[in-house]
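# A structural model of the following input is requested.
(one chain, ligands or ions: 1)
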Amino acid sequence: MEYPFNGHKPNDYEQLVLDAYTSGLSMKKVSTQHGISIGNLYHLLIPYNAGPRPRSRTGADNHAWKGGKVSLANAIRTCYQYRVWHRDVYIQAKHTCAFCGIIPNKHNKAILQCDHIVPLHQILDNHSIITLEQAKDCNALWDISNGRILCKDCHKKTSTYGCNRKKKSYL
Ligand SMILES: [Zn+2]
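Numbering: from 1, shown residues only. I've put the predicted structure just below:
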């Protein structure tokens, strides 16, 4: 499986981090040296096809997937199409929080997270999606304008963040 984005041009900071990683340093070392979290480093590396490969085939790509709503959301979140969407949202946002504009660096140690503006479960409900195949064909799910990047602090203030979210039986 290849990540098709080798034409993306890194900025100076990204180039520095890329050089450090491709010189053979571990992700942990690069993370410490350049003050970037492992998660942000992972997202930075993916477009350049330089990141680690997914550790295991889970969810959608796993032949053992048995369906069901919990599994459907997990299957979507672990399928290749989702990773591409996720990566494109980060690129679109230029690794910047949409609310406060923070860009992670070694001083602020901000952590960026990818957020659905219209929540995933709501899109699934709106389009009566019950299978992964239907999900893959649903354009609304893969619209990068429905994605935004928030720092963890701003993300926590949204109504759809983790415990703020009205409990859904399947998400
Ligand atoms: Zn923020």
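# From now on I want contacts and neighbour counts done on CA atoms only, so please keep to that.
Fine.
# Can you check which helix is longest in this protein?
Longest helix in the chain, counting residues (DSSP state H): helix 80-92.
# Report pLDDT for the most far-flung residue of the chain relative to its centre.
Residue farthest from the centre of the chain, counting by CA atoms, centre = their mean, is Ser23 at 25.0 Å. Looking at Ser23, its pLDDT reads 79.
# What sits closest to the residue nearest the centre of the chain if chain neighbours are left out?
Computing the C-alpha centroid of the chain and ranking residues by CA atoms, centre = their mean puts His86 first, at 3.8 Å. In space, and not counting its chain neighbours, His86 is closest to Cys114: 6.9 Å by CA to CA, 6 or more residues apart in numbering.
# Touching, that neighbour and Asn146? I think so.
No - contact criterion CA atoms under 8 Å: Cys114 and Asn146 do not qualify, at 10.4 Å.
# So if I had to pick from the two, which one is more boxed in?
Legend: neighbour count by other CA atoms under 10 Å for Cys114 and Asn146, higher for Cys114 (19 against 15).
# for Lys9, helix, strand, or coil?
coil (DSSP: H, G, I helix; E, B strand; the rest coil).
# From here on, call the first residue 488.
Understood, numbering begins at 488; the last thing we discussed is Lys496.
# For it, grab the count of nearby residues.
Counted with other CA under 10 Å, the neighbours of Lys496 add up to 11.
# Now do it against the ion, distance only.
Distance, Lys496 to the ion, by CA to the ion, to the nearest Å: 25 Å.
# can you give me the angle the helix-or-strand element of the chain with minimal mean pLDDT makes with helix 567-579?
Lowest on mean pLDDT, DSSP states H and E among the helices and strands of the chain sits helix 525-532, with a mean of 80. With axes from the mean of the first three to the mean of the last three CA atoms, to 10 degrees as the basis, helix 525-532 and helix 567-579 are set at 90 degrees to each other.
# for the helix or strand that helix 525-532 is followed by, packing partners?
The C-terminal neighbour of helix 525-532 among helices and strands, as given by DSSP states H and E, is helix 556-565. Applying 3 or more CA pairs under 8 Å, 6 or more residues apart in numbering; DSSP states H and E, one finds that helix 556-565 contacts helix 619-624.
# cutoff 10 Å now
Secondary-structure packing of helix 556-565 (3 or more CA pairs under 10 Å, 6 or more residues apart in numbering; DSSP states H and E): helix 567-579, helix 607-613, helix 619-624.
# CSV for those, including mean pLDDT and distance to Lys596?
Output for these, formatted as CSV (pLDDT from 0 to 100; distance: least, CA to CA, whole Å):
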stretch, mean pLDDT, distance to Lys596
helix 567-579, 94, 17
helix 607-613, 93, 28
helix 619-624, 94, 35
